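1. sharing a model that was predicted from the sequence below.
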Amino acid sequence: MSTPERRIALSSPWIDERDEELVLEVLRSGWLSLGPTGPRFEELLAQAVDAPYCAAVSSGTSGLHLCMRLAGVGPGDEVITSPYSFVASANCAMYEGAIPVFADIDPNTYNLDPAAVEAAITPKTKAIVAVDIFGYPCELDPLIDICERHGLALVEDACEALGAKYKGKPLGSHGHPAVWAFYPNKQITTGEGGAVTTGDEEQYKLLVSLRNQGRLETSSWLQHGRFGFNYRMDDLSAALGVGQLEKLDRILAARKEAAARYSQILAGLDVELPIADDADHERSWFVYVVKLPAGVDRDAIALNLVGQGIACAPYLPSIHLQPYMREQFGFSEGLCPVSEDASARTLAIPFHARIPREDQERVAAALAAALEAA
Ligand SMILES: Cc1ncc(COP(=O)(O)O)c(C=O)c1O
């Protein structure tokens, strides 16, 4: 019997000795939360995205939730967002009793189509959660314009897009709140963790209070000026984040290189590759997602690859068709046809900063054979 080939993971964090050193330092200091490492991480992240203010939080999801508070979203309000995203970008509105409204996406960028967003606005609309899916910047200027004309709050779910730029400026530097996430599949990781950056000092102060059980700057530990949450990031996570941010440029460059290699290796296959950057959009590579031809059984292809030890995932299912969404809001097929078509045909293949070329070649060969067989 031949030995099975080594498994190729879908993603993998880049952890090195410097990260270990920084985490150990905090561990040995005994100051595991609310110490000096959280602010150090926040400072570096603010610098990296050129944002005036940064509040670290316990996850991207908690960051999005706090942004609903910043936007004043409450029961009965509507929040427009993308169906082609991770569920947290819609759930955050539901946490506050609001209704998620899904506007369809652009078939090439997979990001919100501004015209669809505008068409979805009603008198109940309070905010837009725009997602930079797969690290590709969303159409910020048209969305900002829509928000200004209709008096809506804009929250950017940049959880997958650390390092991306819109019109030459980093995401996070455009004034409105942007949310970041650091789960281990992201460009940088803190284990679990997230952050919100903003250009507004008042928003920053509110974030700092809300993440810390509603404590006020002036109050003692057991005085709570407002209703808040425990959405703090601990110092061990922040220490790992400091190490990660120290090598952010190398991580982003390596991911870009790996993506370029895939685009070259996969060029002859009958699949749509991720859209290239243009003058306005500079992607930060989060995942590498291909779109299979219509009519091909994507799930059979995925099973075939997994059977050969190649991890892959059907990124992304349309949120409005998740069982709990159908049940609670009665959403069904046909609501967002472009998103639904993408959901049926897109596939994320193994991708991370240090993926070896030979693994990428094995993935490409397996994908080619699976497509041939399909
Ligand atoms: C687009 C998007 N939004 C939100 C999140 C939520 O982040 P977290 O898993 O840190 O809560 C993620 C992460 O998976 C994401 O990809």
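-> Perfect, I can see it now.
2. for the closest residue to the ligand within the chain, which non-adjacent residue is spatially closest?
-> Among the residues of the chain, residue 60 lies closest to the ligand, at 2.5 Å counting by CB to the nearest ligand atom. (Each C-beta comes from the backbone N, C-alpha and C, glycine too.) In space, and not counting its chain neighbours, residue 60 is closest to residue 181: 2.7 Å by CB to CB, 6 or more residues apart in numbering.
3. contact partners for that neighbour?
-> 59, 60, 61, 63, 159, 160, 193, 194 (CB atoms under 8 Å, 6 or more residues apart in numbering).
4. inside helices: which ones of those?
-> Per DSSP state H, helices hold the following members of the contacts of residue 181: 60, 61, 63.
5. can I get those residues in JSON lines with neighbour count and pLDDT?
-> Shown next, in JSON lines, are those (neighbours: other CB atoms under 10 Å; pLDDT from 0 to 100):
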{"residue": "60", "neighbour count": "27", "pLDDT": "98"}
{"residue": "61", "neighbour count": "23", "pLDDT": "99"}
{"residue": "63", "neighbour count": "31", "pLDDT": "99"}
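6. out of the residues you listed, which comes closest to residue 24?
-> Set against residue 24, the nearest of these by CB to CB is residue 60 (26.1 Å).
7. the closest one and residue 88 touch, don't they?
-> Yes. Using CB atoms under 8 Å, residue 60 is in contact with residue 88, at 6.2 Å.
8. need the overlap of contacts for these two.
-> 157, 159.
9. now for the strand of greatest length in the chain, which elements pack on it?
-> What stands out as the longest strand in the chain, according to DSSP state E, is strand 125-131. Using 3 or more CB pairs under 8 Å, 6 or more residues apart in numbering; DSSP states H and E, the elements in contact with strand 125-131 are helix 60-70, strand 78-81, helix 88-95, helix 140-150, strand 153-157.
10. in it, what's buried?
-> 125, 126, 127, 128, 129, 130, 131 (16 or more other CB atoms under 10 Å).
11. got the residues of the stretch 101-250 of the chain near the ligand?
-> 131, 157, 159, 160, 181, 183, 194 (CB under 6 Å from any ligand atom).
12. pull out the buried positions in stretch 88-103.
-> Going by 16+ other CB under 10 Å, stretch 88-103 has these buried residues: 88-96, 98-103.
13. my bad, stretch 153-167
-> Those would be 153-166, for stretch 153-167 by 16+ other CB under 10 Å.
14. and the residues you listed, which two are the farthest apart?
-> Farthest pair in the buried residues of stretch 153-167, by CB to CB: 153 and 163, 24.7 Å.
15. who's in contact with the nearest residue to residue 26 once chain neighbours are set aside?
-> Nearest residue to residue 26, sequence neighbours excluded (CB to CB, 6+ apart): residue 239, at 4.3 Å. By CB under 8 Å, 6+ apart, residue 239 lies in contact with 22, 23, 25, 26, 37, 41.
16. checking my notes, residue 239 in a helix, right?
-> Yes. Per DSSP: H, G, I helix; E, B strand; the rest coil, residue 239 lies within a helix segment.
17. touching the strand or helix carrying residue 115 from outside, list them.
-> Using DSSP states H and E, residue 115 falls within helix 114-119. With CB under 8 Å, 6+ apart as the test, helix 114-119 has contacts from 80, 103, 104, 105, 128, 139, 142, 143, 146.
18. just the buried members of the residues you listed?
-> By 16+ other CB under 10 Å, the contacts of helix 114-119 give 80, 103, 104, 105, 128, 139, 143, 146 as buried.
19. residues near the nearest residue to residue 214 once chain neighbours are set aside, how many?
-> Excluding the flanking residues, the one nearest residue 214 by CB to CB, 6+ apart is residue 228, at 2.9 Å. Neighbourhood size, residue 228 [other CB atoms under 10 Å]: 19.
20. tell me the contacts of residue 228?
-> 209, 210, 211, 212, 213, 214, 215.
21. ok, the fifth one touching residue 231?
-> By that I understand residue 213. No. Counting by CB under 8 Å, residue 213 stays clear of residue 231, with 9.1 Å between them.
22. more neighbours: the two, which one.
-> residue 231 (22 against 17).
23. how near is that one to residue 62?
-> 4 Å (CB to CB, to the nearest Å).
24. what do these two both touch?
-> The contact lists of residue 231 and residue 62 share residue 211, where a contact means CB under 8 Å, 6+ apart.
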